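> Generate a structure from the sequence data that follows.
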Amino acid sequence: MPAVSKGDGMRGLAVFISDIRNCKSKEAEIKRINKELANIRSKFKGDKALDGYSKKKYVCKLLFIFLLGHDIDFGHMEAVNLLSSNKYTEKQIGYLFISVLVNSNSELIRLINNAIKNDLSSRNPTFMCLALHCIANVGSREMAEAFAGEIPRILVAGDTMDSVKQSAALCLLRLYKTSPDLVLMGEWTSRVVHLLNDQHMGVVTAAISLITCLSQKNPDEFKTCVSLAVSRLSRIVSSASTDLQDYTYYFVPAPWLSCKLLRLLQCYPPPEDGAVKGRLVECLETILNKAQEPPKSKKVQHSNAKNAILFEAISLIIHYDSEPNLLVRACNQLGQFLQHRETNLRYLALESMCTLASSEFSHEAVKTHIETVINALKTERDVSVRQRAADLLYAMCDRSNAKQIVSEMLSYLENADYSIREEMVLKVAILAEKYAVDYSWYVDTILNLIRIAGDYVSEEVWYRVIQIVINRDDVQGYAAKTVFEALQAPACHENMVKVGGYILGEFGNLIAGDPRSSPLVQFNLLHSKFHLCSVPTRALLLSAYIKFINLFPETKATIQEVLRSDSQIRNSDVELQQRAVEYLKLSSIASTDVLATVLEEMPPFPERESSILAKLKKKKGPGAVPVTELEDGKREGELNGGGDGGPDSSTLASSNASTPSPSADLLGLRSSAPIGSAPPSAASLLVDVFSESGSAAPSAGVNDDGFLSSASPSTASEDPAPPLPEADELLNKFVCKNNGVLFENQLLQIGIKSEYRQNLGRMYLFYGNKTSVQFASFSTTLNVQTKPVEPLVEGGAQVQQVLNIECITDFSEAPLLNIQFRYGGALQSITLKLPVTINKFFQPTEMASHDFFQRWKQLSQPQQEAQKIFKANHGMDTEVLKAKLLGLGTALLENVDPNPENYVCAGVIQTKSQQDTVSKRLCDLLAEQF
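Below you'll find the predicted structure:
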């Protein structure tokens, strides 16, 4: 911009500002302002024409008065006249006044637009920048209508100055955000994308902000930006701090541009081109390597810029979720930040690790930092950091560490900040239910939760424990005994009284044989809490009393005396009075048989989604952990009692829903066990709901229950189209994991969530429409029999298809899935390989060294051995290697081979037609992973 000369100092304006500042009172200030306004008005209305300097000075004074909070109702025309000046300072003040004071509905808008057009066509870069700044500052729809077609031309023109290009890109971004329907790139798209190759770094920085915003709404149009962004990022990352001197910030080359490039790449799936993907992986590895280097400066600006790039790179690695080495390295790098002295870094590390915990590749690596996270939960002074630590514990929890994490969270609850207690209670309740190794532990945990934080235990939590106790015969006696003991505490929370009243009313007879918990003792214990409770709890206790009369006839007289008292039958609360009168009459006139029928034990609750999980998902407070369909499915197994609303064992092969339950039980594991089946062991509460369905199934093909037989694809009605070239690569990604995104392009995203048990499995397919346009004639075809999906998929919506799978015998080829739909009138067809591989039916087998070698010696037949020697394509990282072997479905055996570099695994392939052979396909699958 041109320098402002001393003559432009506007002494009159300086004197006026000084007078205002010297005013001793508000009245004096208003008096001085009114005097000045009168003077300016007289000058504007005078016969003598004002020169440009005077207009500029008076307009500046009006602007200052407006900024002090006073209304300005004149001077607008004079400001517009300044736009036609050839002096920079006068034009600048005119544009400034218009940007701040002129309304988009003003009658002067046409004159303003004409002045802006003249400046845009003047080819004077200074005037062009002023005009573009004004358009961006006003940003009205009228401005967009007038200039949305002109600004892209300026942006891509070869003779446009770099400073003007920067202003044009940011101006266009502002108009697109306010009126996206008016900013149509069309023919300019490719030329705007190629601004990423511009020599001027400032132009690239401005252009990438525009391209990122456009890509989020129209990814298909701007997909060519991926390779250019990777190329530019590679040049920046590999450059020395001296190569980009004008854009090096405290020894970090172009940190803002690097962050924006990494953020742009997060708008797209991993590059399909192998060379581009390899170059991007190199960039990410370089960024991770640089994070390990000693700092080149001790100033905080250096570390801030360096860490900003690192965290964006980690976000991109998490977004791709396809590079195990990078995911584990990112986790290790974040682990170093967990003990950093800078609070912000610890916060960001915990937040990023929450997302990393949802990846099957890095979940085990995240778990190694459990002690550090627990320590942060206990010792951090900042409540927001403590909350992130709690979120990470929740995210990293699985069956192996659930008891430790729940115990630590309960311990923290006693001293937790009040703002996060309710959310902590919900998380403890969910984890206790999801990963319980036995129901007695679950009951103990929830009752302890009520004792510690009873005020924050919502109805959903104690409803849930009652549902589970009622649905599980083996825990009812223990629950009655435990809650009876808990009620004996002198200070007992009302929620504990509710749970105690309900459980003792239903199952008090299971502990009545002990003289210490005789029927009368139970009743007196409950009634001692009666006068301390609210009306709803008293109503529940009255219902428990009438249940006692049915369970224990010897308590009838005592309970009738309570019901007959004036405090009950003449209670001011209508609900309590009605219950007391009706229960008293029922106990007096009903025969024993009638009473037993009316007051019989509650039946098991129907299957439904866990209301606790739904409440946590709806919680929008700080620190709420989002749970998506694919993320929530990575953990195994949930409790059976009153489960989370997944389809049960009678579900057909395919079903559709536009809003699938995120916590759906994929194998129907929450269904009750078949009559006569063995009770679940302490190690696993999963019930084999397929024990009857599997035995009744035909030997091949698609059985009566619609199970997909992997042995017989011959039932297909027609030959499917050939799969995509990358189908094998997509299939290989799912060999060691069950959940994730199978396929994604600019139109469609296909997600998979699956679970396997023995020779049975259930797979959820999620078809998501990424566009705003409806998909018509939507259909899917497998080379086996399935039910059709919904034919219409609305823009931004998702439909679901469920497949029940049964492995009949060993197989090598995956089923083919063909998806067809019409988008914008054009027929789209995609054929993929469904990720069902033989290792999905692995049953991990734990055994000691002696047992392993004994079993090994028994396998002497040629068909019982297969081997493959191959050259590894990737480095042998220990953590990644273990994660892949476990993901394959085997059990990793310790202390079998004396050489610690050798890994020994064991497992049994479960098929319907059991066979004593080894699958050669396993060797191929394993080789493809390394």
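> Tell me, how many residues neighbour residue 160?
18 (other CB atoms under 10 Å). Backbone N, C-alpha and C define where each C-beta goes, glycine included.
> Which helix or which strand is home to the closest residue to it other than its chain neighbours?
Nearest residue to residue 160, sequence neighbours excluded (CB to CB, 6 or more residues apart in numbering): residue 154, at 5.7 Å. Under the criterion of DSSP states H and E, residue 154 resides in helix 151-156.
> For that helix, which outside residues touch it?
120, 128, 132, 135, 160, 164-165, 168-169, 171-172, 175, 185, 188, 191-192, 195, 207 (CB atoms under 8 Å, 6 or more residues apart in numbering).
> hmm, 10 Å instead?
Helix 151-156 has contacts (CB atoms under 10 Å, 6 or more residues apart in numbering) with 120-121, 128, 131-132, 135-136, 144, 147, 160, 164-169, 171-172, 175, 183-192, 194-195, 203, 206-207, 210.
> Report the buried residues of that helix.
Counting neighbours by 16 or more other CB atoms under 10 Å, one finds that the buried residues in helix 151-156 are 151-152, 154-156.
> Repeat that for stretch 240-253.
Within stretch 240-253, the residues that count as buried by 16+ other CB under 10 Å are 244, 247-253.
> I figured residue 475 hits residue 469, correct?
Yes - using CB atoms under 10 Å, residue 475 is in contact with residue 469, at 5.8 Å.
> overlap in contacts of these two?
Counting by CB under 10 Å, 6+ apart, the contacts common to residue 475 and residue 469 are 439, 442-443, 507, 641.
> Any chance of TSV for those residues, columns distance to residue 345 and secondary structure?
Shown next, in TSV, are these (distance: CB to CB, whole Å; DSSP: H, G, I helix; E, B strand; the rest coil):
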residue	distance to residue 345	secondary structure
439	42	helix
442	37	helix
443	41	helix
507	52	helix
641	43	coil
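> Taking those residues together, which two end up most distant?
By the measure CB to CB, 442 and 507 form the most distant pair in the shared contacts of residue 475 and residue 469, at 15.9 Å.
> on that earlier part again, what about residue 475 and residue 469, which has more around it?
Using other CB under 10 Å, the more surrounded residue of residue 475 and residue 469 is residue 469, with 26 against 20.
> do you know how far the more buried one is from residue 603?
Note on residue 469: its distance to residue 603, by CB to CB, to the nearest Å, is 13 Å.
> where does residue 99 land in three-state SS?
What DSSP: H, G, I helix; E, B strand; the rest coil gives for residue 99 is helix.
> Residue 135 is in contact with that one, correct?
Yes - with contacts counted by CB under 10 Å, residue 99 reaches residue 135, the gap being 9.4 Å.
> Give me the more crowded residue out of those two.
The residue with more neighbours, out of residue 99 and residue 135, is residue 135; 29 against 16, by other CB under 10 Å.
> What are the boundaries of the helices in the stretch 701-850 of the chain?
Using DSSP state H, counting those that start in this stretch, the helices of the stretch 701-850 of the chain run over residues 727-733, 849-858.
> now the stretch 251-400 of the chain
Taking DSSP H, counting those that start in this stretch to define them, one finds helices in the stretch 251-400 of the chain at 255-265, 274-292, 300-320, 324-337, 343-356, 363-367, 370-379, 383-396.
> Compare these and give me the one nearest residue 406.
Nearest of the helices of the stretch 251-400 of the chain to residue 406, taken as CB to CB: helix 383-396 at 9.2 Å.
> okay, the angle between the helix or strand that that closest one is followed by and helix 370-379?
Going down the chain from helix 383-396, the next helix or strand is helix 402-413, by DSSP H and E. Using axes from the mean of the first three to the mean of the last three CA atoms, to 10 degrees, the direction of helix 402-413 lies 10 degrees away from that of helix 370-379.
> looking at the helices of the stretch 701-850 of the chain, which is closest to residue 535?
helix 727-733 (57.1 Å).
> Buried residues, that closest one. List them.
Residues 727, 730-731 are the ones in helix 727-733 that count as buried (16+ other CB under 10 Å).
> what's the answer for stretch 289-301, then?
Quick answer for stretch 289-301 (16+ other CB under 10 Å): residue 291.
> what's in contact with that stretch?
Against stretch 289-301 from outside (CB under 10 Å, 6+ apart): 237, 241, 249-252, 255, 302-303, 305-307, 309-311, 313-314, 329-330, 332-333, 336-337, 342.
> Produce a ChimeraX select command limited to the buried residues of those.
Filtering those down to the buried ones (16+ other CB under 10 Å) takes a single ChimeraX command:
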select :237,249,250,251,252,255,302,303,305,306,307,309,310,311,313,314,329,330,332,333,337
